[in-house]
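Chemist: Quick one, fold the following:
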Amino acid sequence: MNVLIIEDEQKIADILVQGLQASGFQANHEADGFRGLNTALIKNFDAIVMDVSMPLMDGFQVLAEIRRKGIRTPVIMLTARTELADRLQGFESGADDYLAKPFFIEELIVRIKTLIARKAGNIENVVCQSGLTLDRFKRLVHWENRSVVLTQREFVLLECLMLSPGQIFSRQQILKHVWNMDFDPGTNVVDVCIQRLRKKLSSVDSNNWQPFPIETIRGVGYRLNNT
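Modeler: The predicted structure follows:
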């Protein structure tokens, strides 16, 4: 699999190239938007990883031109600009995913593989369950009259519950799956993450109110209520 990296920060580019090559990818690097665009137009890639703030052309301009030329290669925007407006602009311009700096190279590689599998038709884009609709590639969830962008932890936790509706997950299981942590009786990160999800999706002006489907099982953990 061949990946194009368009990134002007040399240290980050080196990390990306080394990490991708170590995972069996071929990695091509361009240091500015103009060169990156030219390379994307003349060569075929399985995925493109692209910064937003770059010399000559920014990432949004490059992305718009790539899509205008009819190139549907999966694109991950990699940037320090994490405001919701920036993420939405990226998705509206044709980005397939958006990863904020600083990042873990392991997470980026998983996202690249997922996008390539998606393009090949090997994975569903959207999961619907218990009134929730989860876009697995834009990290967007819709509930009643609200759509919000999730953090990586929130997304993985909610995806886990939605893919196994009705199953009770202990805090220990969630910690291991979402945070890759062994059980720590003193941590409340799972409960805090669930509270953030509920708060993000709560709506005081809903005309169609129904109980939020993530259910707390006292003393045990959580489940997605599918009744």
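Chemist: Averaged pLDDT, stretch 197-212. What do you get?
Modeler: The average pLDDT for stretch 197-212 rounds to 67.
Chemist: Any regions of the protein where pLDDT drops low?
Modeler: For the chain, the stretches flagged by pLDDT under 70 are 82-84, 120-124, 180-186, 203-211, 227.
Chemist: In it, mark out all the strands, start to finish.
Modeler: Assigned by DSSP state E, the strands in the chain fall at 2-6, 26-30, 47-50, 75-79, 97-100, 126-129, 132-135, 140-143, 146-149, 169-170, 214-217, 221-224.
Chemist: Tell me which of those strands is the most buried.
Modeler: Highest mean neighbour count among the strands of the chain (mean count of other CB atoms under 10 Å): strand 47-50, with a mean of 26. To be clear about C-beta, it is placed using only N, CA and C from the backbone, and glycine gets the same treatment.
Chemist: would you list the strands of the chain in CSV and tack on distance to Gln89?
Modeler: Converted to CSV, the strands of the chain look like this (distance: least, CB to CB, whole Å):
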stretch, distance to Gln89
strand 2-6, 17
strand 26-30, 22
strand 47-50, 13
strand 75-79, 9
strand 97-100, 10
strand 126-129, 21
strand 132-135, 16
strand 140-143, 14
strand 146-149, 12
strand 169-170, 35
strand 214-217, 30
strand 221-224, 31
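Chemist: Compare those strands and give me the one nearest Met162.
Modeler: Counting by CB to CB, Met162 lies closest to strand 126-129 out of the strands of the chain; the figure is 4.5 Å.
Chemist: Would you list the strands that the closest one pairs with, along with their directions?
Modeler: According to DSSP bridges, strand 126-129 forms sheet pairs with strand 132-135 (antiparallel).
Chemist: about what we covered before: figure out which of the strands of the chain is closest to Ala117.
Modeler: strand 47-50 (10.8 Å).
Chemist: quick one: contacts of that closest one?
Modeler: 1, 3-7, 16, 36, 40, 59, 62-63, 66, 73-78, 108, 112, 115-116 (CB atoms under 8 Å, 6 or more residues apart in numbering).
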